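> Kindly generate the corresponding structure for this input.
(chains A and B)
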Amino acid sequence: MTLLREIAYARSGDKGSHSNIGVIAYDEKGYLFLQEHLTAEKVALFFQPLSPWKVMRYELPNLLALNFVLYGVLDGGGSVSLRIDAQGKALGQAILEMEMGVV
Amino acid sequence: MVACLRIGNAQGFWGDNIEAPSLLVKQQPNLDFLTLDYLSEVSLSIMAIQKEKDPQLGYAKDFLDVIKSLIPLWKKGSKVKVVSNAGGLSPIACAQACALLLRETGISMKIGIVSGDDVLHLLKNNPAEKDFCHLETAEPLTSKLNLLVTANAYLGAQPISQAIKLGAQIVITGRVADPSLTVGPCLAHFEWKENEFNKIAGATVAGHLIECGTQVTGGISTNWMDISHPADIGFPIAEVNEDGSCIITKPAGTSGRVNEQTVKEQLLYEIGDPENYLSPDANVSFLTLRLSSDGEDRIRIAGATGRAASPYYKVSATYRNGYRAEGMLVCFGREADLKARRSGEIILERLSKAKCTFQKTQIECLGVGDVVPGIFPKKELMECVLRVCVMDSNKESVERFTKELAPLVTSGPQGLTGYTSGRPHVRPVFGYWPCLISREKVNPTVEILEVK
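Below is the predicted model of the structure:
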């Protein structure tokens, strides 16, 4: 089983009650694979327990990167969310554990 | 050909490495500008409370320690200039405090003060204004009118540039867009016109890359474990060129790294639509950026494109939203997470019996994966951390909660420990209210305070 971390690296941050996760492929082959298989739907499903109400995917082919914005995933974010990771700093590490099938 | 401008950042946030500013200037003597970022959402709310008690407060006092640490370097001949949003809600008081320090040591200098970002009175006078509706929910401000604590527009680089052109060696601002701390010096040095949007876009990208300090030099990078000597990660420097391109680097001899990976991670940090990265100086597209290596720990970024910025400033307002407290206890032994969760439920049950209700409560068993709850299958653990957090508008309920952890020491599971840090603190909660304000309603001002 190939995990996302073998194909890409990532970083997450917050924007109010939303989080963005940047996923950057190590090489062009990896980017083309992710462009096809790492869909907004797949990311929404993965993070479903945290209840984002929408996931948008943006492509940055010049950087071999995908940017996911997860709306509402931070339960209010900032000082309003009671979660220990109110700012979504762990989401980058979480997404890297996603199973991508046998690649 | 105008020389490149060297801009470093030595504070990614209020509470960052206290030695970084003076260290960066020592490590890079030819640094032109030093930027320092102190303002997060919560910072201004904290400053508001301070200002309520004493009108001479309301700025980041730690900034004075930074100035103190730079004085010996200025005395030795350093020409480095400082640009910082440490002014918070009281940029003038901050500047006056700095002037006092400088006067005592016999240094002559001009301090630039940028204000006009405080728009609280404008929001309070017209709460039904459509622009002041919550940017995401469209809720009107009227519901929060009596609870408002702060409201600040994110000003841009123009007033910073003006202050520098007037001879300021320290520029103190209130709320400005973080990248503007870098764009301001560029505007002054290269004398770009306001409509040279591609060049301004390039400087904005440089600002975005260095504004979080070590986040571009290896900090929080995916492959952080590869960094040797992580205690000495260097702070970043942007060498910005006249055409808006830049090189991101760090001082020689420091730990950490600047490579394609660290730069791309920081580029993607806290952005939404990459084609429309909005700042008060320009609307930037990241889709035309080109990265290349310029040697070890040197990454060149070129190709930024920009368009005119919005006719609105973004406003960050905050309002009182109750109180919160959180406590942690450690559980060791077989079924550690089950024991921890049960203990957390006891706390909430006892509070319920005491007729304390809460808007929100949270129980987490840290160790089994609750940092991202429900995503990873639970494991059998011998040890985990119980964390309980509550929030309510009634302060007394939250205070009662803080007394409910200690009794578990004698009535809870065997193996419960880690209670010696004492009773949790009750903190005020500040809700975040993002909205817009038309630029014509805001008046950025620049003053110069001369220290002789």
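
> Just give the closest residue to B:Glu383, not the sequence neighbours.
Among residues not flanking B:Glu383 along the chain, B:Phe332 sits closest, at 4.9 Å (C-beta to C-beta, 6 or more residues apart in numbering or on different chains). C-betas here are computed from N, CA, C, even on glycine.

> I meant A:Ser81, not that one.
A:Asp75 (4.2 Å).

> Isn't B:Gly322 up against B:Glu396?
No: counting by C-beta atoms under 8 Å, B:Gly322 stays clear of B:Glu396, with 11.8 Å between them.

> rewinding a little: I'd like the distance between the residue nearest to B:Glu383 and chain A.
Distance of B:Phe332 to chain A, given as C-beta to the nearest C-beta, to the nearest Å: 20 Å.

> Pull the contacting residues for that residue.
For B:Phe332, the contact set (C-beta atoms under 8 Å, 6 or more residues apart in numbering or on different chains) comprises B:382-383, B:415-417.

> what's the burial count for B:Pro185?
28 (other C-beta atoms under 10 Å in any protein chain shown).

> swap in B:Asp232?
For B:Asp232, using other C-beta under 10 Å, the count is 12.

> so it touches B:Ser255, yeah?
Yes: assessed by C-beta under 8 Å, B:Asp232 is found in contact with B:Ser255 at 4.0 Å.

> Quick one, which of the contacts of B:Phe332 are buried?
Buried members of these, counted by 16 or more other C-beta atoms under 10 Å in any protein chain shown: B:415-416.

> okay if I get the contacts of B:Phe332 as CSV plus secondary structure and pLDDT?
CSV is the format used below for those (DSSP: H, G, I helix; E, B strand; the rest coil; pLDDT from 0 to 100):
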residue, secondary structure, pLDDT
B:Met382, coil, 95
B:Glu383, strand, 96
B:Gly415, coil, 96
B:Leu416, strand, 95
B:Thr417, strand, 94
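
> so which of the contacts of B:Phe332 would you say is closest to chain A?
The closest of the contacts of B:Phe332 to chain A turns out to be B:Glu383 (C-beta to the nearest C-beta; 16.7 Å).

> Tell me the strands beside the worst-scoring helix or strand of chain A on mean pLDDT, with direction?
Ranked by mean pLDDT, DSSP states H and E, the weakest helix or strand in chain A is strand A:8-15, scoring a mean of 95. Sheet neighbours of strand A:8-15, with direction, are listed as strand A:18-25 (antiparallel) (DSSP bridges).

> how far does the helix or strand that the partner strand is followed by sit from the chain's center?
Using DSSP states H and E, the helix or strand that follows strand A:18-25 towards the C-terminus is helix A:28-37. Offset of helix A:28-37 from its chain centre (C-alpha atoms, centre = their mean, to the nearest Å): 15 Å.

> what about helix A:28-37 and chain B, touching?
No: Helix A:28-37 stays clear of chain B (C-beta under 8 Å from any C-beta of the partner chain), getting no nearer than 11.6 Å.

> After that helix, which helix or strand is next? Please name it.
helix A:40-46.

> So what touches that next one?
A:21, A:52, A:54-57, A:68, A:70, A:94-95, A:98, B:375.

> Buried by neighbour count, from those residues: which ones?
Buried among the contacts of helix A:40-46 (16+ other C-beta under 10 Å): A:21, A:52, A:55-57, A:68, A:70, A:94-95, A:98, B:375.

> what's the most distant pair in those residues?
Greatest spatial distance among the buried ones among the contacts of helix A:40-46 (C-beta to C-beta): A:Met56 and B:Ile375, at 19.7 Å.

> which helices and strands sit right next to the lowest-mean-pLDDT helix or strand in chain B?
In chain B, no helix or strand scores lower on mean pLDDT, DSSP H and E than helix B:41-53, which sits at a mean of 85. Helix B:41-53 sits against strand B:148-153, strand B:312-332, strand B:427-438, with contacts defined as 3 or more C-beta pairs under 8 Å, 6 or more residues apart in numbering or on different chains; DSSP states H and E.

> do the first one and chain A meet at all?
No: if you take C-beta under 8 Å from any C-beta as the test, strand B:148-153 misses chain A, and the best it gets is 11.9 Å.

> Correct me if wrong: B:Ile49 contacts B:Arg320.
No: taking contacts as C-beta under 8 Å, B:Ile49 lies outside contact range of B:Arg320: 10.2 Å.

> if we can go back for a sec, looking at B:Gly322 and B:Glu396, which has the bigger crowd around it?
Shown here are B:Gly322 and B:Glu396; by other C-beta under 10 Å, B:Gly322 has more neighbours (20 against 11).

> roughly how far apart are the nearest residue to B:Lys441 once chain neighbours are set aside and B:Ser411?
Once flanking residues are discounted, B:Lys441 sits nearest to B:Leu122: 6.1 Å by C-beta to C-beta, 6+ apart. According to C-beta to C-beta, to the nearest Å, B:Leu122 and B:Ser411 sit 54 Å apart.

> Same check on A:Glu28?
A:Glu28 is 60 Å from B:Ser411, by C-beta to C-beta.

> try A:Ser81
Taken as C-beta to C-beta, the span from A:Ser81 to B:Ser411 is 30 Å.

> These two: which is more packed in?
A:Ser81 (21 against 10).

> thinking again about what came up before, tell me which residues are up against the least confident helix or strand of chain A.
Residues contacting strand A:8-15 (C-beta under 8 Å, 6+ apart): A:4, A:19-26, A:30, A:34, A:69, A:74, A:77-78, A:86-93, A:95-96, B:220-223, B:261, B:265-266, B:268-270, B:272.

> So which bits of that strand are buried?
Result for strand A:8-15 [16+ other C-beta under 10 Å]: buried residues A:8-15.

> could you give the angle of it to strand B:427-438?
90 degrees (axes from the mean of the first three to the mean of the last three C-alpha atoms, to 10 degrees).

> Okay, angle between strand A:8-15 and helix A:28-37 too, please.
50 degrees.

> could I get the one helix or strand B:Lys124 maps to in PDB with only the CA atoms?
Per DSSP H and E: B:Lys124 is located in helix B:120-125. Extracted C-alpha coordinates of helix B:120-125, given in PDB (Å, rounded to 0.1, in the frame of the first residue of the first chain):
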ATOM      1  CA  LEU B 120     -13.800  50.400  15.500                       C
ATOM      2  CA  HIS B 121     -15.600  53.800  15.700                       C
ATOM      3  CA  LEU B 122     -16.700  53.400  12.100                       C
ATOM      4  CA  LEU B 123     -18.100  50.000  12.600                       C
ATOM      5  CA  LYS B 124     -19.900  51.000  15.900                       C
ATOM      6  CA  ASN B 125     -21.400  54.100  14.200                       C
END
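
> ok, residues contacting that helix?
B:129, B:132, B:141, B:145, B:148, B:150-152, B:315, B:317, B:435, B:437, B:441-442.

> Could I get the buried residue list for that helix?
Result for helix B:120-125 [16+ other C-beta under 10 Å]: buried residues B:120, B:122-123.

> just stretch B:427-434 next, same as before
Applying 16+ other C-beta under 10 Å to stretch B:427-434 flags B:429-433 as buried.

> low-scoring stretches of chain B, by residue?
Where chain B drops to pLDDT under 70, the residues are B:1.

> try 90 this time
B:1-2, B:40-46, B:48-53, B:55, B:136, B:377-381, B:419-422, B:452 (pLDDT under 90).

> Around chain A, pick out the residues from the stretch 151-300 of chain B.
So far as C-beta under 8 Å from any C-beta goes, the stretch 151-300 of chain B lies against chain A at B:220-223, B:261, B:264-275, B:286-291.

> Now, those residues that are in strands?
Secondary structure assignment by DSSP state E places B:290-291 of these in strands.

> Among the residues of the stretch 151-300 of chain B next to chain A, name the buried ones.
B:220-222, B:261, B:264-271, B:274, B:286-287, B:289, B:291.
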